[in-house]
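Asker: Predicted model and sequence below, questions to follow.
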Amino acid sequence: MKKRMTDVTASMQAHAIDHLIVAPGPSFVYLTGVGVHASERLTLFGLRQDGHHAILAPLLEEDNFASCGCSIFTYRDEDGYDKACKAFLDELELTKEHVVAVERDQMRLFELDAIAVSQARFVEGKAIVMEKRLIKDETEIGWMQKAADIVDQALERTLSLCRVGMTELELAAELELQMRKLGSQGTPFETIVGSGYRGALPHGGPTDKVIVQGELVVIDYGAMVGGYNADSTRTIAFGEPSFEDRTVYETVRQANEAGISAVLPGNMAQDVDRAARSCISLAGYGQYFTHRTGHGLGLAVHEFPSIMEGNDLVLRPGMVFTVEPGIYIPSRVGVRIEDDVVVTEDGFSLLTHFSKELIIV
């Protein structure tokens with residue numbers, strides 16, 4: 001954590017940022033090593049450009065921050081946080097003369113209101129931490145590999161229990177149970193199970209719909225180890241699929257492989273998107289690929305970089321992201337195949353290894 005804060009303060013200096021204040025979320029974990037969920041209880045981490053830092057937290061969380069090596073300002077529920085927040089801001093010597101970076105997509109209005117009493121100037125600060133989080137070290141990749149191993153093994157166990165006639169909810173519940181048994185700390189997002197026509201909903205959560213003979217089923221799920229995430233999608237056939245469904249599946253499989261093959265240091269993020277998207281477009285399904293090819297992965301299940309057209313970010317060793325092309329034909333069928341990929345010195349390494357050949361259960 002000390003090295004991370006040193007790196008972040010150097011970035012703050014380069015961007016003329018006096019203070020960084022983060023609410024619970026991935027950057028909070030990155031800088032403190034402590035995961036707390038966002039709730040109605042005000043919790044903040046503050047970092048000054050010279051490296052001095054402090055934490056504001058409810059009294060019941062105090063012991064969680066004992067190893068952080070900084071001043072912790074706490075409050076009881078019945079007392080409210082106003083007095084503790086003032087002490088927190090005073091400790092950071094925050095005034096109206098300062099520029100404070102906050103993460104717009106993590107900080108809620110009541111959290112911003114609490115620190116706005118300083119009358120400082122607030123700016124978007126996501127890049128301050130994200131440019132450091134963007135490159136994973138060996139330890140971080142190790143946690144992600146453990147999570148990826150869990151998603152692979154959990155699906156293998158679950159498929160042995162699958163049958164035509166079960167519901168999407170039953171499949172999702174069994175998969176999540178297997179991930180827990182294998183050591184996952186939780187699911188980073190709601191498990192997606194979309195069968196038949198519901199597979200055309202990219203983010204369709206599981207329902208009580210019964211899976212029937214011949215349907216393709218999109219299964220998008222994730223595991224978490226050490227606070228780091230793995231995110232995988234496979235599309236499985238329940239019984240023999242139609243010729244067209246097989247064609248859609250094979251197109252997506254080829255697009256996934258093409259995208260992964262474009263992962264090279266020095267290439268741009270959009271090169272990966274173009275490689276995957278061209279396969280789908282050439283097959284005549286371009287209008288049915290409705291999202292970016294991938295997203296960054298780490299402490300958050302969606303973070304930088306976005307693997308999409310227009311992102312000219314140069315890929316560097318240590319970046320981790322998904323490659324997940326899909327085809328979604330409304331009211332008929334959907335297919336998505338997703339892998340987690342690490343950029344290496346000479347190419348890429350896959351974290352997920354589950355078979356991409358069409359499996360029929």
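Answerer: Received, thanks.

Asker: what's the longest helix in this structure?
Answerer: helix 138-159 (DSSP state H).

Asker: Quick check: pLDDT value at the nearest residue to Glu324 once chain neighbours are set aside.
Answerer: Nearest residue to Glu324, sequence neighbours excluded (CB to CB, 6 or more residues apart in numbering): Glu338, at 3.4 Å. From N, CA and C alone the C-beta is placed, and that goes for glycine too. Looking at Glu338, its pLDDT stands at 98.

Asker: contacting residues around the longest helix of the chain?
Answerer: Counting by CB atoms under 8 Å, 6 or more residues apart in numbering, helix 138-159 makes contact with 136, 171, 174-175, 178-179, 182-184, 219, 221-232, 234, 236, 297-298, 318, 320, 340, 342, 351-354, 359, 361, all of which sit outside it.

Asker: Drop anything exposed from those residues.
Answerer: Buried residues within those, counting neighbours by 16 or more other CB atoms under 10 Å: 136, 171, 174-175, 178-179, 182, 184, 219, 221-225, 227-232, 234, 236, 297-298, 318, 320, 340, 342, 351-352, 354, 359.

Asker: Residues in contact with stretch 85-101: which ones?
Answerer: By CB under 8 Å, 6+ apart, stretch 85-101 touches 12, 15-21, 42, 44, 46, 48, 52-56, 71, 73, 114-115, 117-125, 128.

Asker: Recalculate using a threshold of 6 Å.
Answerer: Residues outside stretch 85-101 that contact it (CB atoms under 6 Å, 6 or more residues apart in numbering): 17-21, 46, 48, 54, 56, 71, 73, 114, 118-123, 125, 128.

Asker: Specify the local secondary structure of the residue nearest to Arg198 when sequence neighbours are not counted.
Answerer: In space, and not counting its chain neighbours, Arg198 is closest to Gly204: 5.2 Å by CB to CB, 6+ apart. Of the three states, Gly204 takes coil according to DSSP: H, G, I helix; E, B strand; the rest coil.

Asker: Can you give me the neighbour number for Gly204?
Answerer: The number of residues packed around Gly204, counting by other CB atoms under 10 Å, is 20.

Asker: where does it fall, phi/psi-wise?
Answerer: Here is the backbone geometry of Gly204 (degrees, to the nearest 10): phi -80, psi 120.

Asker: Hmm, Tyr197 and it touching each other?
Answerer: No: the pair Gly204 / Tyr197 is not scored as a contact, 9.9 Å apart, by CB atoms under 6 Å.

Asker: residues in contact with Arg292?
Answerer: Going by CB under 6 Å, 6+ apart, the list of residues near Arg292 reads 306-308.

Asker: Highest neighbour count among these?
Answerer: Within these, Ile307 tops the neighbour count with 29 neighbours, counted by other CB under 10 Å.

Asker: Could you confirm Phe122 falls within a strand?
Answerer: Yes: with three-state DSSP as the criterion, Phe122 is part of a strand.

Asker: Not counting its own residues, what contacts the worst-scoring helix or strand of the chain on mean pLDDT?
Answerer: Here the helix or strand of the chain ranked lowest by mean pLDDT, DSSP states H and E is helix 126-133, holding a mean of 90. Helix 126-133 has contacts (CB under 6 Å, 6+ apart) with 7-8, 11, 20, 27, 30, 101, 103, 298, 304.

Asker: Among these, give me the pair with the biggest separation.
Answerer: Ala101 and Gly298 (19.5 Å; CB to CB).

Asker: Which parts of the stretch 201-350 of the chain are helices?
Answerer: Remark: helices assigned in the stretch 201-350 of the chain by DSSP state H, counting those that start in this stretch are 243-261, 269-282.

Asker: Can you classify the spatially closest residue to Glu257 that is not a sequence neighbour as helix, strand or coil?
Answerer: Take Glu257 and drop its neighbours on the chain: the residue closest to it by CB to CB, 6+ apart is Lys356, 7.7 Å away. Secondary structure, three-state DSSP: Lys356 is coil.

Asker: Could you check the pLDDT of Lys356?
Answerer: 98.

Asker: I'd like the distance from it to Glu338, if you could.
Answerer: 10 Å (CB to CB, to the nearest Å).

Asker: who's more crowded, these two?
Answerer: Neighbours of Lys356 and Glu338, each counted by other CB under 10 Å, are more numerous for Glu338; the result is 27 against 18.

Asker: Can you give me the distance of the more buried one to Thr352?
Answerer: Going from Glu338 to Thr352 by CB to CB gives 8 Å.

Asker: shared neighbours of those two, anything?
Answerer: Between them, Glu338 and Thr352 share these contacting residues under CB under 6 Å, 6+ apart: Ser232.

Asker: ranges for the strands of the stretch 251-361 of the chain?
Answerer: Shown for the stretch 251-361 of the chain, the strands assigned by DSSP state E, counting those that start in this stretch span residues 294-296, 303-307, 320-323, 326-329, 333-336, 339-343, 348-350.

Asker: If you count contacts, what does the fourth one end up packed against?
Answerer: The criterion is 3 or more CB pairs under 6 Å, 6 or more residues apart in numbering; DSSP states H and E, and the helices and strands that strand 326-329 contacts are strand 333-336.

Asker: what sits up against the strand it packs on?
Answerer: Residues outside strand 333-336 that contact it (CB under 6 Å, 6+ apart): 194, 199-200, 216, 218, 233, 235, 245, 248-249, 252, 324, 326-328.

Asker: Kindly recompute the last result at 7 Å.
Answerer: 194, 196-197, 199-201, 216, 218, 220, 233, 235, 245, 248-249, 252, 324, 326-328 (CB atoms under 7 Å, 6 or more residues apart in numbering).

Asker: and if you look at stretch 40-54?
Answerer: 5-6, 8-9, 12-13, 17-24, 28, 31-32, 36, 55-58, 61, 70-71, 73, 81, 85, 88, 91-92, 111, 114.
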